[in-house]
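Chemist: I would like to see how this sequence folds:
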Amino acid sequence: MTSAPKALAAQRMKAAGIPVPEVMVTAEDVAAGKPNPDCYLLAADRLGVAASDCLIFEDAAVGIAAGEAAGAKVMVVTATHLHPFDSHHASISNYHTMRAIADGNGFMLLENTGA
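Modeler: Residues are numbered from 1 along each chain as shown. Predicted structure coming up:
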């Protein structure tokens, strides 16, 4: 989920060398943005899973609130914060030590490589 328009999101992913995912929810797809949970509920629906089975990476309070309201698990990314961010959710500073592995059922497993 991104708050950016689809064309801008695709352009940014291309510039970063990231493939555009098959399922993407952008600003044009929902009437109400974060902290409304509609974006995450729509993304889960498009993926064919319950929002409660999703892990949402968020760096902003409104996104964290949207993930909570959707019933998803939330991982706070703190690299964008100038000041410490208090949250009861698990957190990572950035994605550098995270590795995603697809399991046999189409789900993603995360591993912190600590590298």
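Chemist: Could you use CA atoms for every contact and neighbour count after this?
Modeler: Fine.
Chemist: where's residue 8, which helix or strand?
Modeler: helix 6-16 (DSSP states H and E).
Chemist: what does the helix or strand of the chain with the lowest mean pLDDT contact?
Modeler: Within the chain, no helix or strand scores below strand 108-112, which has a mean of 84 by mean pLDDT, DSSP states H and E. By C-alpha atoms under 8 Å, 6 or more residues apart in numbering, the surrounding residues in contact with strand 108-112 are 97, 98, 99, 100, 101, 102, 103.
Chemist: buried subset of these?
Modeler: Neighbour counting by 16 or more other C-alpha atoms under 10 Å classes none of the contacts of strand 108-112 as buried.
Chemist: So which of those belong to strands?
Modeler: Here DSSP state E is the test, and the contacts of strand 108-112 give 98, 99, 100, 101, 102 as lying in strands.
Chemist: burial count for residue 59?
Modeler: When neighbours are counted by other C-alpha atoms under 10 Å, residue 59 registers 21.
Chemist: now swap in residue 39 and tell me
Modeler: When neighbours are counted by other C-alpha under 10 Å, residue 39 comes out with 27.
Chemist: Roughly how far does it sit from residue 32?
Modeler: 8 Å (C-alpha to C-alpha, to the nearest Å).
Chemist: and which of the contacts of strand 108-112 is nearest residue 89?
Modeler: residue 98 (16.9 Å; C-alpha to C-alpha).
Chemist: Just list the residues touching the closest one, thanks.
Modeler: 110, 111, 112, 113, 114.
Chemist: And the second one, how close does it get to residue 103?
Modeler: Distance, residue 111 to residue 103, using C-alpha to C-alpha: 12 Å.
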